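Asks: Dropping the sequence and predicted coords here.
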Amino acid sequence: MQKNSNILWKLFNVFFRIGFFTIGGGYAMLPMLQREVVEKYKWSTDEEIMDYYAIGQSTPGIIAINTATFIGYKEKGVIGGIVATLGMVVPSWFIIISIAALFQQFADNPFMQRAFSGIRIVVVVLILNAVVKMGKKAINNWIGIVISFLAFILVIGLGISPIYIIVSAGIVGILINALNGKGTQL
């Protein structure tokens, strides 16, 4: 029982810290998630994290919470999923309540506006860093390069919803692997 509650506590604690220190949404948490979940605790691999993000992106809900739920469930079943999800949600809840209570008092403060401008820049850099790290592992042949290039053009250039791109890329991956007679990655 001690070992089980210890892992549950670690799940809650890790996702609480990720939820508390992640500013900028689900993609901004990737570097911290990779360091804690993949490198430190080895609860998932980089490839699994990418899969969780892909599933989390294409299902209803917040990607960070979906990912926490997947990892918690993988480690300790339903209770692990609940504990990891609570770990991710609790800090956001406290932060949102605090900001809502104080926002009107500080919204027009030039110091706060400059601080948020700086935070936005850092969030973009954190997301870009995570994308490059994950891209190195996910894009490992010419088919992956073509799919990622097309996805980029369709989303950024033409404004097509990422949901359509994710579903289409999944179908293309299934078809290519079926035609190649493989049950593995592209």
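Replies: Alright, I've got the coordinates. Small disclaimer: the values here were computed from a predicted structure and weren't measured.

Asks: Please, where are all the helices along this protein?
Replies: Assigned by DSSP state H, the chain shows helices spanning 2-21, 30-33, 46-58, 63-106, 110-138, 142-152, 162-180.

Asks: Pick the most buried one from those.
Replies: helix 30-33 (a mean of 20; mean count of other CB atoms under 10 Å). In short, each C-beta sits where N, CA and C put it, glycine included.

Asks: Show the average pLDDT along that one.
Replies: Helix 30-33 carries an average pLDDT of 82.

Asks: One more: stretch 172-179?
Replies: Mean pLDDT, stretch 172-179: 83.

Asks: Distance from it to the middle of the chain?
Replies: Here stretch 172-179 is found 25 Å from its chain centre; the criterion is CA atoms, centre = their mean, to the nearest Å.

Asks: okay if I get the helices of the chain as JSON lines plus distance to Lys40?
Replies: Formatted as JSON lines, the helices of the chain follow (distance: least, CB to CB, whole Å):
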{"stretch": "helix 2-21", "distance to Lys40": "8"}
{"stretch": "helix 30-33", "distance to Lys40": "10"}
{"stretch": "helix 46-58", "distance to Lys40": "13"}
{"stretch": "helix 63-106", "distance to Lys40": "13"}
{"stretch": "helix 110-138", "distance to Lys40": "16"}
{"stretch": "helix 142-152", "distance to Lys40": "28"}
{"stretch": "helix 162-180", "distance to Lys40": "29"}
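
Asks: Can I get stretch 142-154 in CSV, CA atoms only?
Replies: The C-alpha trace of stretch 142-154 is given here as CSV (Å, rounded to 0.1, in the frame of the first residue of the first chain):
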residue,chain,number,x,y,z
TRP,A,142,11.0,11.5,-46.3
ILE,A,143,7.4,10.6,-45.8
GLY,A,144,7.4,12.3,-42.4
ILE,A,145,9.1,15.4,-43.9
VAL,A,146,6.4,15.6,-46.6
ILE,A,147,3.6,15.1,-44.2
SER,A,148,5.0,17.7,-41.7
PHE,A,149,5.6,20.2,-44.6
LEU,A,150,2.1,19.8,-45.9
ALA,A,151,0.6,20.1,-42.5
PHE,A,152,2.5,23.3,-41.8
ILE,A,153,1.4,24.8,-45.1
LEU,A,154,-2.2,23.8,-44.6
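
Asks: which outside residues touch it?
Replies: Applying CB atoms under 8 Å, 6 or more residues apart in numbering, the contact partners of stretch 142-154 are Gly135, Ala138, Ile139, Ile160, Ile165, Ala169, Val172, Gly173, Ile176, Leu186.

Asks: One more: stretch 6-13?
Replies: Contacts of stretch 6-13 (CB under 8 Å, 6+ apart): Tyr41, Ile71, Gly72, Glu75, Lys76, Ile79, Gly80, Val83, Ala84, Leu86, Gly87.

Asks: now the fourth one: how far from Gly135?
Replies: In this case it means Glu75. Remark: distance between Glu75 and Gly135 (CB to CB, to the nearest Å) = 26 Å.
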